[in-house]
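S.K.: Take this sequence and fold it.
(2 chains)
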There are 2 protein chains.
Amino acid sequence: MEGTAVGVDIGGTKVAGGLVTADGTVLSTARRSTPGASPAETEGAIVAVVAELTAAADELPVGVGVGAAGWFDRSGDTILFSPHLAWRNTSLRRDLMRRLRLPLWVGNDADAAAWAEYRFGAARGAELALMVTLGTGIGGGIVLGGRLQRGAHGVAGEWGHMRVVPDGRLCACGNRGCWEQYASGTALAQTAREIAHSSPAAAAALLERVSGRAADLTGEVVAQAAEAGDALARELVAEVGHWLGQGIADLSAVLDPDVVVIGGGVSALGEAVLGPARERLQRALPGRGFRPGPQVVAAVLGPQAGLVGAADLVRAESG
Amino acid sequence: MEGTAVGVDIGGTKVAGGLVTADGTVLSTARRSTPGASPAETEGAIVAVVAELTAAADELPVGVGVGAAGWFDRSGDTILFSPHLAWRNTSLRRDLMRRLRLPLWVGNDADAAAWAEYRFGAARGAELALMVTLGTGIGGGIVLGGRLQRGAHGVAGEWGHMRVVPDGRLCACGNRGCWEQYASGTALAQTAREIAHSSPAAAAALLERVSGRAADLTGEVVAQAAEAGDALARELVAEVGHWLGQGIADLSAVLDPDVVVIGGGVSALGEAVLGPARERLQRALPGRGFRPGPQVVAAVLGPQAGLVGAADLVRAESG
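M.R.: Below is the predicted model of the structure:
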């Protein structure tokens, strides 16, 4: 279906929206902060963003697509679980339907990003594309044979919670040893803090950046230090890359994709994380040397992938 | 397509075939041993089995389906890799085509078993069914939306080689810590031998079964001891079940299946292995309590699943 659609991406503290054309171009954007991040506040922000974008548009959008960092059921009606947001069994879709009165797609933000990269970005033409978004945690999406795949209950692609280390680091999901505790911005910060505690001398340059307060070492701080050439920070980034590559090897054993797209905030580090990931994948891919592995590529749509994908998904469903 | 098809299952030391009807009934069987397990010997055995079954049939079969424990490329033309057979880049399909002159499906044995369980067995009606065969290693197959899924290069479902323990047990694939080193007949034997070496007194009853020779402790011996009530053997079987359940939890994070079918030799232990697997899955499923998990069910087609599935797959392709 031609015409524009609104795409909305719900983050932890903001709602970002865009008016998106049928070829994935973002014509205009709008955003609201949601410091409280409550479901009610978020809903209000979505409605405001959609109203702002619609008012400025030439014609009524064909629909609204909303991506959020939650686990949705297959209908998209209910957020089942959200390790990183305060949502449990929230009926976001039904509430928005009532207020927006436009065709609506509601679903997982990494699913939306996967779809955007498949339609307009780094995974165009892929037979089986996997999206891995590296942020606070790891998000995922699967596009197989030209269709977004969401599993039997709607929650496929949650590979951030594969267990990669028995009795490993505690995860927000309640388990231990989840992949996202080793390959994410959180992992970067966690390892930096561990080293700052165990070997403050080794982490001196990093600690200087946070006035000596190890607790203030975030993923962003470590990423900035790495980009500035700090040796320890670069090592920590490479370690995240190695864990990323190992996880991609595991996903290749399970799914055998031809393309794996790496997105999310941490992927802004580029080759500093992708290089070690590819290197590890080459050594860890089961059957390596006898079978092709996936291409590991950087996302090209950046932070707008989620809203572009959500807009295209509501267009696809209403078309 | 109506009429019978021949299904063939290639094992390590034998080739088993069956004449299979369109509803999955096995009308007659034939087998040949292949003690040398060379590709040439195996090919000869397949041709002999097909000839025997065809000679006894009322009419010419519609085709021949062959399943083997190898990793096939997407066309089925080439065996890329076989951790447990002496096959590397073998063109089984082309060689058989020349000799059989019948429509031919050649592919992975666990894929064939997955298809059989979906069509006629424990996964009928599933939206997304995964097959996990526990034998010497772990085989796997994926049926999604009524179609066998083989990944971008033909080797999806090789989850026996997901790494579940960093720096873990060495695997025949060349990696360390693969799932099949913890949940398989090999794993059962390996742990039994480790205990026999470290605590011979604890393993006394098990060692009696092999005249004190720890090296003779196979998966079968441990399984028999467990069935006879040996406490240590039962514990080892339960441990395999726990690793099985953990791996199913990981696969659920990735794929979100509604049914997981457990087949292969070790699954003959039934609830002794499935009970602990379900228990572990319940405690390890990411998002448990907020989302449905898969049903974990025993395969119902037994050792004939592979040949029944292979026969049905050639029928489907020629139909």
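S.K.: How much space separates residue A:250 from residue A:294?
M.R.: Per C-beta to C-beta, to the nearest Å, residue A:250 is found 12 Å from residue A:294. In short, each C-beta sits where N, CA and C put it, glycine included.
S.K.: And residue A:129, by the same measure?
M.R.: 9 Å.
S.K.: Overlap in contacts, these two.
M.R.: Common neighbours of residue A:129 and residue A:294, counting by C-beta atoms under 8 Å, 6 or more residues apart in numbering or on different chains, are A:257, A:258, A:259, A:260.
S.K.: Sketch out the low-pLDDT regions of the stretch 51-200 of chain A for me.
M.R.: A:83-86, A:88-89 (pLDDT under 70).
S.K.: Report how many residues lie close to the residue in it that chain B sits nearest to.
M.R.: With C-beta to the nearest C-beta, the shortest gap between the stretch 51-200 of chain A and chain B falls at residue A:151, namely 2.5 Å. Using other C-beta atoms under 10 Å in any protein chain shown, residue A:151 has 23 other residues around it.
S.K.: got the contact list for it?
M.R.: Counting by C-beta under 8 Å, 6+ apart, residue A:151 touches A:157, B:128, B:255, B:256, B:257.
S.K.: Let's have the residues you listed in JSON lines, adding secondary structure and distance to residue A:240.
M.R.: Formatted as JSON lines, the contacts of residue A:151 follow (DSSP: H, G, I helix; E, B strand; the rest coil; distance: C-beta to C-beta, whole Å):
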{"residue": "A:157", "secondary structure": "coil", "distance to residue A:240": "20"}
{"residue": "B:128", "secondary structure": "strand", "distance to residue A:240": "31"}
{"residue": "B:255", "secondary structure": "helix", "distance to residue A:240": "24"}
{"residue": "B:256", "secondary structure": "coil", "distance to residue A:240": "26"}
{"residue": "B:257", "secondary structure": "coil", "distance to residue A:240": "29"}
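S.K.: re the thing from before, near chain B too, which of the shared contacts of residue A:129 and residue A:294?
M.R.: Contacts with chain B within the shared contacts of residue A:129 and residue A:294, as defined by C-beta under 8 Å from any C-beta of the partner chain: A:257, A:258.
S.K.: any idea whether the residue nearest the centre of chain A is helix, strand or coil?
M.R.: Central residue of chain A (C-alpha atoms, centre = their mean): residue A:133, 3.5 Å from the mean position. Classification of residue A:133 using DSSP: H, G, I helix; E, B strand; the rest coil returns strand.
S.K.: Buried ones only from the contacts of residue A:151, please, as a ChimeraX command.
M.R.: Buried residues within the contacts of residue A:151, by 16 or more other C-beta atoms under 10 Å in any protein chain shown, are selected in ChimeraX with:
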select /A:157 /B:128,255,256,257
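S.K.: and which of the contacts of residue A:151 is nearest residue B:242?
M.R.: residue B:257 (19.4 Å; C-beta to C-beta).
S.K.: Residue A:295 - how many residues pack around it?
M.R.: 16.
S.K.: swap in residue A:25?
M.R.: A count of neighbours around residue A:25, defined by other C-beta under 10 Å, yields 12.
S.K.: Now do the contacts for residue A:287.
M.R.: By C-beta under 8 Å, 6+ apart, the contact set of residue A:287 is B:71, B:80, B:81, B:83, B:155, B:158, B:161, B:173.
S.K.: Residue A:122 too?
M.R.: Residue A:122 makes contacts with A:259, A:261, A:297, A:298, A:299, A:300, A:301, as judged by C-beta under 8 Å, 6+ apart.
S.K.: could you measure residue A:208 against chain B, distance?
M.R.: According to C-beta to the nearest C-beta, to the nearest Å, residue A:208 and chain B sit 32 Å apart.
S.K.: right, I mislabeled it, should have said residue A:211
M.R.: From residue A:211 to chain B the distance is 35 Å (C-beta to the nearest C-beta).
S.K.: and if you look at residue A:318?
M.R.: 22 Å.
S.K.: thought that residue was touching residue A:64?
M.R.: No - at 10.2 Å, residue A:318 and residue A:64 do not qualify as touching, with contact defined as C-beta atoms under 8 Å.
S.K.: Neighbour count: these two, which is higher?
M.R.: A count of neighbours by other C-beta under 10 Å puts residue A:64 above the other of residue A:318 and residue A:64, at 28 against 16.
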